[in-house]
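>>> here is my input, please return the structure:
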Amino acid sequence: MSLSNAAGTDGAPPQGLVTVDAGSVPEPDRWAWWADMVSREVMPVSIRIPRARPFQGHVEAVGMPDGQVAAFDFSPMAATRSLTQIRRHDREEYFLVLLREGQMALEQASDVSLLRPGDMTVFSSSHPLACEFLAHADPAAGTGLTHGPGSAADSRSDPGAVTGRGAVTDSGAGVTRLTLLRLPRRILPLSSGRADDLLAVPLRANAGAAALLGPYLAGLPGAARGCGAAELGRLGSIAVDLAATAIAAQLDVQESLPTETRQAVTLAEIKAFIARNLPDPDLTPSAIAARHHLSVRTLHALFRDEPETLAASIRGRRLERCVADLADPGLRHRTIGDIAARWGLAAHDFSRSFRRAYGISPGEYRASALRAAELRDT
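Sure thing, here's the model as predicted:
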């Protein structure tokens with residue numbers, strides 16, 4: 001069972017959302033199945049898993065034309081990749097990792113990082129590495145990476161084996177949750193080898209493209225459900241552009257990125273700004289352009305290849321928020337005009353826009369949605 005095989009492909013990245021779970025494998029075979037799956041779908045590594053509890057592992061992977069985004073949930077474990085393994089098989093790929101839950105200690109290229117939820121970093125298939133994943137780590141215990149990635153053994157995965165100062169311990173509860181973005185070296189629009197300077201170095205994730213990247217990666221598997229190949233390609237391109245820009249910003253080489261990449265990230269930043277400011281009735285093209293140091297003409301040009309114009313996109317997002325509020329029994333005391341104004345829409349135009357979008361008036365929709373909610377609660 002593998003992500004590629006589950007998609008019915010012959011080695012190419014699967015297209016669409018593919019899910020695999022260790023629970024479908026007999027318990028005695030789970031650790032070996034997981035180790036084999038990781039070695040094939042990520043890169044060949046040696047994995048150590050404690051015997052204390054039945055292993056849990058779940059993956060949701062989104063295959064895209066030039067890479068993959070995969071959300072992993074799994075029990076405590078450790079992994080190493082040696083020079084011998086690299087010589088045998090190296091696809092020359094970078095991986096950007098977003099830690100969503102647990103702790104992750106990573107050592108590569110002479111750097112060691114301890115990641116906590118919300119942290120991101122980059123590692124490479126072309127350099128030895130060592131990493132340890134703990135659902136609940138004891139900071140006083142250290143990372144346990146004293147072997148060093150260059151000296152990792154080439155033995156097969158061995159549950160219960162030790163790494164560094166002690167055994168891979170089971171914390172007794174919880175799993176590690178992380179998201180991996182696969183970035184083949186050939187598609188990363190940076191000078192050769194520049195990303196190597198950031199291996200195992202935490203990315204600054206509180207501003208610019210990096211601030212958008214974490215939430216985008218975390219939500220991508222859900223957004224990919226039901227998407228066609230063209231939409232998946234677009235989602236994947238955005239992920240790569242955001243990652244490349246976040247990496248380039250940390251290296252202070254943003255100007256080296258292609259114009260298309262910089263424009264795609266600017267568009268993503270504008271969309272995030274719009275989403276945060278939908279309640280503002282003064283959210284106009286001129287205000288948006290000024291906030292992003294663009295001319296109004298350039299702003300509209302960025303939306304030229306989008307499914308909707310700028311105005312239609314803002315109106316559509318506002319209507320979506322109104323739909324959610326109208327269906328909320330907790331907001332039944334609010335008038336329809338109040339709800340429209342809450343999301344920056346003029347009351348006199350709201351009913352016409354709503355009917356045009358959904359084929360029903362706001363009042364009719366609200367009555368139907370609240371009746372359905374009452375039936376569910378009985």
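>>> just the helices from the stretch 1-150 of the chain, written as ranges.
Applying DSSP state H, counting those that start in this stretch to the stretch 1-150 of the chain gives helices spanning 3-6, 30-41, 83-88.
>>> and these, which is most packed in?
Mean neighbour count (mean count of other C-beta atoms under 10 Å) peaks for helix 30-41 among the helices of the stretch 1-150 of the chain, with a mean of 20. In this view, the C-beta of every residue, glycine as well, is placed from N, C-alpha and C.
>>> put the alpha carbons of it into CSV.
Coordinates of each C-alpha in helix 30-41 appear next as CSV, following Å, rounded to 0.1, in the frame of the first residue of the first chain:
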residue,chain,number,x,y,z
ARG,A,30,2.6,-1.6,11.0
TRP,A,31,6.1,-0.2,11.8
ALA,A,32,7.6,-2.1,8.9
TRP,A,33,4.9,-0.9,6.5
TRP,A,34,5.3,2.7,7.7
ALA,A,35,9.1,2.6,7.3
ASP,A,36,8.7,1.2,3.8
MET,A,37,6.1,3.8,2.9
VAL,A,38,8.2,6.7,4.1
SER,A,39,11.3,5.4,2.3
ARG,A,40,9.4,5.1,-1.0
GLU,A,41,7.2,8.2,-0.7
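>>> what is the mean pLDDT for it?
Throughout helix 30-41, pLDDT has a mean value of 90.
>>> so what does that helix touch, helix or strand wise?
helix 3-6, strand 46-48, strand 57-64 (3 or more C-beta pairs under 8 Å, 6 or more residues apart in numbering; DSSP states H and E).
>>> what's the closest of the helices of the stretch 1-150 of the chain to Pro50?
Comparing the helices of the stretch 1-150 of the chain by their distance to Pro50 (C-beta to C-beta), the top pick is helix 30-41, with 9.4 Å.
>>> now do that closest one and strand 57-64, the angle between them.
Helix 30-41 runs at 20 degrees relative to strand 57-64, counting by axes from the mean of the first three to the mean of the last three C-alpha atoms, to 10 degrees.
>>> any idea which helix is longest in this protein?
Assignment by DSSP state H gives helix 229-251 as the longest helix of the chain.
>>> quick one: which of the helices of the stretch 1-150 of the chain is nearest Ala327?
Closest among the helices of the stretch 1-150 of the chain, using C-beta to C-beta: helix 3-6, at 35.4 Å.
>>> can you redo the helices of the stretch 1-150 of the chain as CSV with distance to Val201?
Shown next, in CSV, are the helices of the stretch 1-150 of the chain (distance: least, C-beta to C-beta, whole Å):
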stretch, distance to Val201
helix 3-6, 28
helix 30-41, 23
helix 83-88, 20
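>>> nearest to Ile238, of these?
Nearest to Ile238, of all the helices of the stretch 1-150 of the chain, is helix 3-6, at 21.3 Å by C-beta to C-beta.
>>> average pLDDT for that closest one?
48.
>>> and stretch 233-245, by the same measure?
The model assigns stretch 233-245 a mean pLDDT of 86.
>>> likewise for stretch 301-308?
So the average pLDDT for stretch 301-308 ends up being 89.
>>> His127 touches Ile86, doesn't it?
Yes. Using C-beta atoms under 8 Å, His127 is in contact with Ile86, at 7.4 Å.
>>> could I have the CA atoms of the one helix or strand Leu319 maps to written out in CSV?
Element membership of Leu319, judged by DSSP states H and E, is helix 310-326. Extracted in CSV, the C-alpha atoms of helix 310-326 (Å, rounded to 0.1, in the frame of the first residue of the first chain):
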residue,chain,number,x,y,z
LEU,A,310,-11.3,41.9,-8.0
ALA,A,311,-14.7,43.4,-7.4
ALA,A,312,-16.4,40.1,-7.9
SER,A,313,-14.0,38.3,-5.6
ILE,A,314,-14.6,40.8,-2.8
ARG,A,315,-18.4,40.6,-3.3
GLY,A,316,-18.3,36.8,-3.4
ARG,A,317,-16.3,36.4,-0.2
ARG,A,318,-18.7,38.8,1.6
LEU,A,319,-21.7,36.9,0.4
GLU,A,320,-20.2,33.7,1.6
ARG,A,321,-19.8,35.2,5.1
CYS,A,322,-23.4,36.4,5.0
VAL,A,323,-24.6,33.0,4.0
ALA,A,324,-22.9,31.5,7.1
ASP,A,325,-24.4,34.2,9.4
LEU,A,326,-27.9,33.8,8.0
